[in-house]
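J.: Sequence first, predicted model second:
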Amino acid sequence: MSALTIFSDKEASEPQWHSTDPEAIQQQLNARGVRFERWEADRDLGRDPAPDAVINAYQHAIDRLVAEKGYQSWDVISLRADNPQKEALRAKFLNEHTHGEDEVRFFVEGAGLFCLHIDDQVCQVLCEKNDLISVPAGTPHWFDMGSEPNFTAIRIFDNPEGWVAQFTGDAIADAYPRLP
Ligand SMILES: CSCCC(=O)/C(O)=C/O
Ligand SMILES: [Fe+2]
Ligand code: NI
């Protein structure tokens, strides 16, 4: 179940707010400039889907986002617990970073934890299958896929190059809860 937990960025041990209600989550995130919607990820992709198969299955969703916002490129990130690079990839995304464009992700399988550092708060969004999230350009954030990753997400970019990040060098992520 999707969830949002909000902390102060100075106190990681005691959440200020928590909900699993999609409407309440949406309200809190929208108020901070973050788009959060429940879309329909209803295509059967098999156990380990090839990126092209995921794109083909969800071309209609990509087309909708491109028509709305003019996005220029997209790719698929899909990780399973048997991926030999899972620890390195987990560590990479656990570093706080920003992008020069909105971070648009459509979860079509599994789950992952987006942690958004907005003003003086940290918003931890547990994104699950069906969730569309768009984090404004320049928002410091990190992402936890957990020790046994299991998710497939379509990433949509506002540039032709795809994923480009600037790491902030702030170790804030180390203080906050992670997925098991
Ligand atoms: C579900 S996408 C996770 C990886 C990524 O693209 C990113 O930018 C995390 O912050
Ligand atoms: Fe990111
Ligand atoms: Ni909960």
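T.: Ah, there it is. Ligands and ions are numbered 1, 2, ... in the order given.
J.: Which residues of the protein lie near ligand 1?
T.: If contact is defined as C-beta under 6 Å from any ligand atom, the residues of the chain in contact with ligand 1 are 77, 93, 103, 105, 112, 141, 143, 153, 155, 163. Glycine gets a C-beta too; all of them are placed from N, C-alpha and C.
J.: ok, now which ones touch the first one?
T.: Listed by C-beta atoms under 8 Å, 6 or more residues apart in numbering, the contact partners of residue 77 are 151-153, 155.
J.: before we move on, what about the second one?
T.: For residue 93, the contact set (C-beta under 8 Å, 6+ apart) comprises 142-145.
J.: tell me which of those residues is nearest to ligand 1?
T.: Proximity of those to ligand 1 was ranked by C-beta to the nearest ligand atom; the top entry is residue 143 with 3.6 Å.
J.: any idea which element the closest one lies in?
T.: Using DSSP states H and E, the element containing residue 143 is strand 141-144.
J.: what about that strand, distance to the chain center?
T.: Here the centre of strand 141-144 is set off from its chain's centre by 8 Å, with C-alpha atoms, centre = their mean, to the nearest Å.
J.: heads up, I number from 20, so please use that
T.: That works, and once the first residue is 20, the last one we named lands at strand 160-163.
J.: Which strands and helices lie in contact with it?
T.: For strand 160-163, the packing partners by 3 or more C-beta pairs under 8 Å, 6 or more residues apart in numbering; DSSP states H and E come out as helix 105-112, strand 116-117, strand 122-137.
J.: In strands only, show me the contacts of residue 96.
T.: In this view, the contacts of residue 96 that belong to strands under DSSP state E are 170-172, 174.
J.: Using ChimeraX, make a named selection holding only the buried ones among those.
T.: Here is the ChimeraX command that picks out the buried ones among these, judged by 16 or more other C-beta atoms under 10 Å:
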select :170,171,172
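J.: Let me know the closest of the ones in strands among the contacts of residue 96 to ligand 1.
T.: Where the ones in strands among the contacts of residue 96 are concerned, and distances follow C-beta to the nearest ligand atom, ligand 1 has its nearest neighbour in residue 172, at 3.8 Å.
J.: residues touching the closest one, list them.
T.: Taking C-beta under 8 Å, 6+ apart as the test, what residue 172 contacts is 95-97, 124-127, 131, 146.
J.: any chance of those in JSON lines, with pLDDT too?
T.: Conversion of the contacts of residue 172 to JSON lines gives the following (pLDDT from 0 to 100):
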{"residue": "95", "pLDDT": "97"}
{"residue": "96", "pLDDT": "97"}
{"residue": "97", "pLDDT": "96"}
{"residue": "124", "pLDDT": "98"}
{"residue": "125", "pLDDT": "98"}
{"residue": "126", "pLDDT": "98"}
{"residue": "127", "pLDDT": "98"}
{"residue": "131", "pLDDT": "98"}
{"residue": "146", "pLDDT": "98"}
